[in-house]
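Student: Sequence first, predicted coordinates after that:
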2 protein chains.
Amino acid sequence: MRVFIAGVDGYLGWSLAQYLAARGHEVAGADTFFRRQWVEEMGSWSATPIAPMAERLGAFKERYGTELHFYPDDLREYAPVERIFREFQPDAIVQLGECPSAPYSMLDVHHAVFVQTNNITSTFNLMFAIRDIRPEAHLLKLGTMGEYGTPNVPIPEGFFEIEYRGRKDRLPFPRQAGSWYHQSKVHGSNNIAMASRLWGLRATDIMQGVVFGTRIDEMGDDERLLTRLDFDQAFGTAINRFCCQAVIGHPLTPFGKGHQKRGFLPLRDSMQCLTLALQNPPKAGEYRVFNQFEEVYDITELALKVQKVAGGLGLDVTIRNLENPRKELEEHFYAVDHQHLLDLGYQPTHDVEAEMRIMIQDLSKHRERIEAKREVLIPDVRWDGTREKVRFLDAEREPVEAGV
Amino acid sequence: MRVFIAGVDGYLGWSLAQYLAARGHEVAGADTFFRRQWVEEMGSWSATPIAPMAERLGAFKERYGTELHFYPDDLREYAPVERIFREFQPDAIVQLGECPSAPYSMLDVHHAVFVQTNNITSTFNLMFAIRDIRPEAHLLKLGTMGEYGTPNVPIPEGFFEIEYRGRKDRLPFPRQAGSWYHQSKVHGSNNIAMASRLWGLRATDIMQGVVFGTRIDEMGDDERLLTRLDFDQAFGTAINRFCCQAVIGHPLTPFGKGHQKRGFLPLRDSMQCLTLALQNPPKAGEYRVFNQFEEVYDITELALKVQKVAGGLGLDVTIRNLENPRKELEEHFYAVDHQHLLDLGYQPTHDVEAEMRIMIQDLSKHRERIEAKREVLIPDVRWDGTREKVRFLDAEREPVEAGV
């Protein structure tokens, strides 16, 4: 299978390129290195050192015995997308090229506009190139579980059968996203569903949970093959940040009451699921939605697990809740279907603690890189539009620095 | 009330500025004249001649005894929006500045991207300017009934109470838009609803039906005060196009079977409804949705009414169905709530035929302008991405020209 990955320099993209190459697929990717710039803009860097792309590509070739066809293009322009499609003739396209950060999108009007237009435009360009150049190709698009929000009813996989005022229909499940970034994913889902209806596009829309993990086995010990691992407020996800905090003895910091429930999955599970979706493409005109996660956890439950695993490795860490910079329900009903991937053969990694152990061991090698950017561990981007570091809830009148 | 109208040079914007000025409100507006360019790009012009803005503004002052504060700015840039808000300090903002055409958005990838990014960006800029400069101001945003699509259940006004697997919630009613333009309106609705939740934005989202009509009474006989009336495939709406066709003896052209049902309303009703919404703003943080139309009609039923009214004016017109360039259900269930505006005091113009009579009389004065662009009356923008004139269904093997 010839797979084109948009955003191949990113956390998921770089991992997926390797996961697929290790299984004999031919991989091309594009990236204009926005993620590196965004993280720098947030005053941070990846905990794992990230080599320049030329080095990454060299290591890739050594490891997998095949080229990663790399295009340093901005996919907001249609011309390069067209050129790549004509040249590489992909059978499948994985859209990992959207900006994935809620706080980044909430910074100000310019970032809100940037995130939504970047995400919409790049996906449009991919959809039109499929329609006009590779109409049988499969678009695998990363959405997020956050598109659904936290309704008071169970969440199905994309669609639900309802009865309303005595009549029945199968309708898209209502989306109630909570940031401009999450909204951009809703916009994308709506656009893709329409392209499937109108043009017969084969599309899989992944409502992915929160991914965590430093590696997949394929990466081995070659540091050039490691994927990035962000811990700043904008690009670091919850467990990844907790593990970085544990490594430098910083308190783990659930937001607010810490009872938000979310679906989570290890990086290796994300790769397994995406590959299963690629190996089992939808029919022409089919728009299918997969809720992709291993299990639902409460944030405090995860912080306690990280604390326990870190303790087992001799790291003594505390948990201190932070004022919540976001506007979200901190206690809510949450029941989410996630059967489609299991039906395709997804074998979940149930041992979350083992995964955390690997992460903390990996991250310990880069303790100094995390320590050097310690200040990014406390967020200051607030959902009300202001920008000010949040405080620890057990010391509300103390500035953050005093509490650390 | 100080009202800022984005898109004040357009069909609705120019009419609303007058409707409000005639009622003593202070009006400012911005426009970068995109609509004039788009219609020209489609090979057409307004049936009513449109004066340059300087002349329009002069006539406005003569008629209403007050200035229309005009800003020739592109609202995709935040700086001018900020400047206008600081200077004019609006109490209400009416967003009529989005590109309103489904076929225009379906032309190609560049138009799809343009329509969605233009519409999203300009609305973002208005929302942020409200948040940061006029937080108590009311955002009145034009959406479209087309956001809902044609589900097999009744359509409420924005939200519905459902029971699903034994649990209950009030959720946004699912949207199933049928063009990139209509999707842009869905994206806007989602964004605005979120801004209300997060920032306390007062917002009214208008799911408007198809507007028709050449005038509101306020315009009188001064041609400089007339609003535009488009009849090309992209910017001409159904009844407006039928009336233009009647005036030059062109067959009226329902698409496909012609049994699509839509909500319609005269231009004067649209003005009345928007003004009612402005006079009765929502509470802080309230996001309310109004389904705004007079009544639901079937397209063929409307073509028959136009035929009858034209006949009464001595015009002999035929009805000939065209191949449908769109992908839409041509026979479907359609029941739509529209109570909110009636509750605010909306008095619908029930005499649709009287309105059509005024239109045909107005348009007869501009017969030559319509005749000169006769070829734009047959669409060629198809929803499958191809571009070729559609054919009359009663002469499927004949080219269109032969059938006219």
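Tutor: Great, that's in hand.
Student: Setting the sequence-adjacent residues aside, check what's closest to residue A:99.
Tutor: residue A:115 (4.7 Å; C-beta to C-beta, 6 or more residues apart in numbering or on different chains). (Each C-beta comes from the backbone N, C-alpha and C, glycine too.)
Student: Apologies, that question was intended for residue A:193.
Tutor: Once flanking residues are discounted, residue A:193 sits nearest to residue A:287: 4.7 Å by C-beta to C-beta, 6+ apart.
Student: hang on, the earlier thing: just the buried positions in the helix or strand where the residue nearest to residue A:99 lies, please.
Tutor: Taking DSSP states H and E as the definition, one finds residue A:115 inside helix A:109-133. Of the residues in helix A:109-133, A:109, A:111-131, A:133 count as buried by neighbour count, 16 or more other C-beta atoms under 10 Å in any protein chain shown.
Student: could you check the angle helix B:109-133 makes with it?
Tutor: Angle between the axes of helix A:109-133 and helix B:109-133 is 170 degrees (criterion: axes from the mean of the first three to the mean of the last three C-alpha atoms, to 10 degrees).
Student: got the contact list for the residue nearest to residue A:99?
Tutor: Contacts for residue A:115 (C-beta atoms under 8 Å, 6 or more residues apart in numbering or on different chains) come out as A:99, A:101, A:104, A:105, A:180, A:181, A:184.
Student: same thing but 7 Å
Tutor: By C-beta atoms under 7 Å, 6 or more residues apart in numbering or on different chains, the contact set of residue A:115 is A:99, A:104, A:105, A:180, A:181, A:184.
Student: Ramachandran coordinates for residue A:347?
Tutor: The phi and psi values for residue A:347, taken as degrees, to the nearest 10, are phi -110, psi 100.
Student: Any idea how far stretch A:125-142 is from the middle of the chain?
Tutor: Relative to its parent chain, stretch A:125-142 has a centroid offset of 21 Å by C-alpha atoms, centre = their mean, to the nearest Å.
Student: Using CSV, write out the CA atom coordinates for it.
Tutor: This file holds the C-alpha atoms of stretch A:125-142, laid out as CSV (Å, rounded to 0.1, in the frame of the first residue of the first chain):
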residue,chain,number,x,y,z
ASN,A,125,-6.7,20.4,-0.6
LEU,A,126,-6.3,16.7,0.2
MET,A,127,-10.0,16.0,-0.5
PHE,A,128,-10.0,17.7,-3.9
ALA,A,129,-6.7,16.0,-4.9
ILE,A,130,-8.3,12.7,-4.1
ARG,A,131,-11.4,13.5,-6.1
ASP,A,132,-9.4,14.7,-9.1
ILE,A,133,-6.3,12.5,-9.1
ARG,A,134,-6.8,9.4,-6.9
PRO,A,135,-10.6,9.0,-6.6
GLU,A,136,-10.3,5.5,-5.2
ALA,A,137,-7.9,6.5,-2.5
HIS,A,138,-8.9,6.3,1.2
LEU,A,139,-8.8,9.5,3.3
LEU,A,140,-8.0,8.7,6.9
LYS,A,141,-8.5,11.9,8.9
LEU,A,142,-7.6,12.6,12.5
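Student: my read: residue A:267 touches residue A:216, true?
Tutor: Yes. If you go by C-beta atoms under 7 Å, residue A:267 and residue A:216 touch, sitting 6.0 Å apart.
Student: and residue A:350, how many neighbours does it have?
Tutor: Using other C-beta atoms under 10 Å in any protein chain shown, residue A:350 is surrounded by 12 other residues.
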